[in-house]
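In: sequence and predicted model, in that order:
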Amino acid sequence: MKMTREERIEALERLLRKAPDIMSPQMLIEFAPFGKNKVYEILNNKELKSYRYKKTHIIAKVDFIEYLADHCYDESPRNYTIKDGGDEQ
């Protein structure tokens, strides 16, 4: 049974409850299900909403959760897969 976007957001909020409300890219890497290069790619492509402060990005946890909810699909209640840019499922 596929989860709705709202259900995915709820699940991700529970999963990321210990994450700070505001994160730098380095902090985001600790919580992201993908690596450093992908984090910087989505920030530089403006796929993930962020704010610039001096020479770094500031990311709100709520924006990160919404990004994950919109870019992942659930194959089972316990597994999520991040979609690549062009793949829509």
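Out: Done, it's in.

In: so how far is Lys55 from Ala69?
Out: Using C-beta to C-beta, to the nearest Å, Ala69 is found at 29 Å from Lys55. Any C-beta I mention is one placed from the backbone N, CA and C, and that applies to glycine too.

In: of these two, which one has the most company?
Out: Under the criterion of other C-beta atoms under 10 Å, the comparison of Ala69 against Lys55 puts Ala69 first, with 20 against 5.

In: what strand or helix carries that one?
Out: helix 61-71 (DSSP states H and E).

In: same question for Leu28.
Out: Counting by DSSP H and E, the element that carries Leu28 is helix 25-31.

In: could you list the buried residues of that helix?
Out: Buried residues in helix 25-31, counted by 16 or more other C-beta atoms under 10 Å: 25, 28-29, 31.

In: list of residues touching the helix holding Ala69?
Out: 5, 8-9, 12-13, 16, 19-23, 28, 31-33, 42, 47-50, 80, 82-83 (C-beta atoms under 8 Å, 6 or more residues apart in numbering).

In: can you map out the helices along this protein?
Out: Counting by DSSP state H, residue ranges of the helices within the chain are 5-15, 25-31, 36-44, 61-71.

In: deepest-packed of the ones you listed, please.
Out: Per residue and on average, the most neighbours among the helices of the chain fall to helix 61-71, with a mean of 18 (mean count of other C-beta atoms under 10 Å).

In: now find how far off-centre that helix is within its chain.
Out: Relative to the centre of its chain, helix 61-71 is centred 4 Å away, using C-alpha atoms, centre = their mean, to the nearest Å.
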